[in-house]
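Enquirer: using only what follows, build the 3D model:
(2 chains)
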Amino acid sequence: MRTLRSTWTEFVASVGEVLLGVLADLGGMARLGARLFVLTVRPPHFPRNLLLAMEAIGFGSLSVVVLTAFFAGAVFALQISLAFSLFNAQSLVGASIGLSMARELAPVLTGLMVTGRAGSAIATELGTMRVSEQIDALATMAVEPEHYLLVPRVLAGILTLPLLTLVFNMVAILAAAFVAVNVENLSVAEFWSRIPKWVELKDVVGGLIKSSVFGLILALAGCYKGYNATGGARGVGIATTQAVVLASVLILVSDYLLTTLMLPWWRSS
Amino acid sequence: MQRVVIEVVDLHKSFGKNHVLRGLNLTVEKGAIQVILGASGSGKSVLLKHIIGLMRPDSGRILVDGEDITRMSSRRIMEVRKKFGMVFQTSALFDSLTVGENVAFPLRVADVRLPEEEIRRIVAEKLALVRLEGIEDRMPAELSGGMRKRVALARAVAHDPEIVLYDEPTTGLDPITVESVNDLILETRRELGVTSVIISHDIESALFIADDIAVLHQGVIIFRGSPAEVRRAPHPYVQRFLHPRQAEP
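Expert: Below is the predicted model of the structure:
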């Protein structure tokens, strides 16, 4: 009984510790986000750094986004075609895939894939700069490291994720059409005909707004964890892992909240 | 007596229960090579980071050219930092930039934008000062530890600072490279007339290059004097630095 109680106490304590850690991270990220917002509007600006960060996050993640989109669209087509054929509703396959891609799957999967690829890279790069004193060196040269390093990366996250999400949408729907027509034997007209009626501009725009928020989250998490990394190579590794986990969880939670907020808009005619 | 450019007054800094600096006082004269000698963990690096405003003290004052940087806004401290160049223990070269871009960095972020040709000329001049001509296009990862240290020195003096801070400039280097780094520190002072503040635990180098040596122990300066005075100092801690116990055979 005593052992059971102490195990239970330990369990509650460890859950509390994790929750406190998450709250501390959220607080730290919010503070950093507010500071970066102030720095964004204050000169000097570093357009070259912004372009480099956009290239690293956007162009660098393009192949993984295309690959994910292709297989997400393809497998979704298989499943939806099978399910809808039970109700003789094959004509809704294209519209269903288009709608779910535009509103949910494209922004969320793009956010998660870019977190794995670019969010982790941001944390690793900044963490390495921190532990090798490169960030201190920047500060001694009268450059605010947050301004020079963090602002361009966060802006790049906000700006490039919608572009990658658009690419995801296009590749996924083409892959779905290919599978639906060639594997599930839907006609081309059957697949495409309902899409213009069911998938509206606001569905796509809503997804792009979501993806901008996910871009902010993944870049901010990478910056926050990497910038505050301590303890050499092991510390950088821990910071990178934490950044990816934190960003992934926050993307999934914020997706639910954003969907709740956007549903009335999406439902309105 | 020369003008005092850095004055540290009753400086205290703690990290949790670890009271690192305990009322430290120090003055550095213009143009001097001031070595701060101390064992690992004595708070040397913490002191250096306070002098350039990377850390804020718990109490005490740091005057740079008469201005108290502990009471300045972070934006004002940025202005004061333009008087400084710093050579880090790890060199801290930006590994995504070439050697030339590293040395040019302080010039490219300066308020006055120099023409690209002028920047290239200054980079070549500073690399020549550290005897590393023509390596502008190499990446830091391609350089040896000694070369990285010299590039770091070239970067630190690229914008002609008034004060250069050195964090353990000879740590981890072989004796021949140590000698060349020491020569460079002396040459930099001679050529550019800068004030140098060096933190180190390398007693041999300190005695060779310093105008004045301050020995830091348990968060305060326990002895100050010229190299000759340090050699004669009766203080037991200073003597242990000069004559570390020989290992038993």
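
Enquirer: switch to C-alpha atoms for all contacts and neighbour counts from now on
Expert: Fine.

Enquirer: count the residues that sit near A:Cys223.
Expert: 33 (other CA atoms under 10 Å in any protein chain shown).

Enquirer: which parts of the lowest-mean-pLDDT helix or strand in chain B are buried?
Expert: Every helix and strand of chain B was ranked by mean pLDDT, DSSP states H and E. The lowest is helix B:236-242, at a mean of 83. For helix B:236-242, the neighbour count (16 or more other CA atoms under 10 Å in any protein chain shown) marks B:237-238, B:241-242 as buried.

Enquirer: let's have the residues you listed in JSON lines, adding distance to A:Asn185.
Expert: Formatted as JSON lines, the buried residues of helix B:236-242 follow (distance: CA to CA, whole Å):
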{"residue": "B:Tyr237", "distance to A:Asn185": "88"}
{"residue": "B:Val238", "distance to A:Asn185": "89"}
{"residue": "B:Phe241", "distance to A:Asn185": "86"}
{"residue": "B:Leu242", "distance to A:Asn185": "88"}
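
Enquirer: which one of those residues is nearest chain A?
Expert: Closest approach to chain A among the buried residues of helix B:236-242 (CA to the nearest CA): B:Phe241, at 27.9 Å.

Enquirer: who touches the closest one in this structure?
Expert: Contact analysis of B:Phe241 by CA atoms under 8 Å, 6 or more residues apart in numbering or on different chains lists B:Ile203.

Enquirer: at 10 Å instead, please
Expert: B:37-39, B:201-204, B:215 (CA atoms under 10 Å, 6 or more residues apart in numbering or on different chains).

Enquirer: tell me which of the residues you listed fall in helices.
Expert: B:203-204 (DSSP state H).

Enquirer: run through the bridge partners of the closest residue to B:Phe88 other than its chain neighbours.
Expert: Spatial nearest neighbour of B:Phe88, excluding adjacent residues (CA to CA, 6 or more residues apart in numbering or on different chains): B:Asp167 at 5.1 Å. Beta bridges link B:Asp167 to B:Ile199, judged by DSSP bridges.

Enquirer: and the buried residues of helix B:236-242, which two are furthest apart?
Expert: Put simply, by CA to CA the two of the buried residues of helix B:236-242 set farthest apart are B:Tyr237 and B:Leu242, 8.8 Å from each other.

Enquirer: hey, what's B:Ile26 bridged with?
Expert: Residue B:26: Leu, not Ile. Under DSSP bridges, the beta-bridge partners of B:Leu26 are B:Val8.

Enquirer: quick one: low-confidence parts of the chain?
Expert: Picked chain A for this. Applying pLDDT under 70 to chain A flags the ranges A:1-2, A:269.

Enquirer: to clarify, I was referring to chain B.
Expert: Using pLDDT under 70, the flagged stretches of chain B are B:1, B:245-249.

Enquirer: enumerate the residues of it near chain A.
Expert: B:49, B:52-54, B:74-96, B:105-107, B:109-111, B:152, B:155-156, B:159 (CA under 10 Å from any CA of the partner chain).

Enquirer: quick one: which of the residues you listed sit in strands?
Expert: In this view, those that belong to strands under DSSP state E are B:84-87.

Enquirer: just among those residues, which is most surrounded?
Expert: If you count neighbours using other CA under 10 Å, the busiest of these is B:Gly85, which has 30 neighbours.

Enquirer: find the nearest non-adjacent residue to the spatially most central residue of chain A, please.
Expert: For chain A, A:Gly111 is the residue whose C-alpha lies nearest the centre (CA atoms, centre = their mean; 2.0 Å). Using CA to CA, 6+ apart and skipping residues adjacent in sequence, the residue nearest A:Gly111 is A:Phe214, 5.7 Å away.

Enquirer: packing partners of the host helix or strand of the one you found?
Expert: For A:Phe214, the element it lies in under DSSP states H and E is helix A:201-227. The contact analysis (3 or more CA pairs under 10 Å, 6 or more residues apart in numbering or on different chains; DSSP states H and E) places helix A:201-227 against helix A:2-41, helix A:93-100, helix A:106-114, helix A:120-131, helix A:151-182, helix A:232-267.

Enquirer: swap in 7 Å and give it another go.
Expert: The contact analysis (3 or more CA pairs under 7 Å, 6 or more residues apart in numbering or on different chains; DSSP states H and E) places helix A:201-227 against helix A:2-41, helix A:106-114, helix A:120-131, helix A:151-182, helix A:232-267.

Enquirer: how about residue 235, nearest residue that isn't a chain neighbour?
Expert: This is for chain A. Distances taken as CA to CA, 6+ apart put A:Ala229 closest to A:Gly235, at 5.9 Å, once the chain neighbours are dropped.

Enquirer: meant chain B, my bad for not saying
Expert: B:Phe223 (7.8 Å).

Enquirer: what's around that neighbour, how many residues?
Expert: Neighbour number of B:Phe223 under other CA under 10 Å is 18.

Enquirer: in a strand, it, correct?
Expert: Yes - judged by DSSP: H, G, I helix; E, B strand; the rest coil, B:Phe223 forms part of a strand.

Enquirer: how far away from the center of its chain is stretch A:103-118?
Expert: 4 Å (CA atoms, centre = their mean, to the nearest Å).

Enquirer: right, I mislabeled it, should have said stretch B:39-48
Expert: Using CA atoms, centre = their mean, the offset of stretch B:39-48 from its chain centre is 12 Å.

Enquirer: sorry, back to before: run a quick neighbour tally on the residue nearest to A:Gly111.
Expert: Counted with other CA under 10 Å, A:Phe214 comes out at 30.

Enquirer: next one: the one 3 residues further on
Expert: Close neighbours of A:Ile217, defined as other CA under 10 Å, add up to 27.

Enquirer: equivalent analysis for A:Ser81, please.
Expert: By other CA under 10 Å, 26 other residues sit near A:Ser81.

Enquirer: give me the nearest residue to A:Arg194, chain neighbours excluded.
Expert: A:Ala95 (5.6 Å).

Enquirer: who's in contact with the one you found?
Expert: Contact analysis of A:Ala95 by CA atoms under 7 Å, 6 or more residues apart in numbering or on different chains lists A:194-195, A:198-199.

Enquirer: and if you look at A:Leu138?
Expert: Neighbouring residues of A:Leu138 by CA under 7 Å, 6+ apart: A:Pro145.

Enquirer: test my guess that A:Ala118 contacts A:Ile57.
Expert: Yes - in this structure A:Ala118 lies within contact range of A:Ile57 using CA atoms under 7 Å: 5.4 Å.

Enquirer: the two - which one has more neighbours?
Expert: Taking other CA under 10 Å, A:Ala118 and A:Ile57 do not tie; A:Ile57 has more neighbours (27 against 24).
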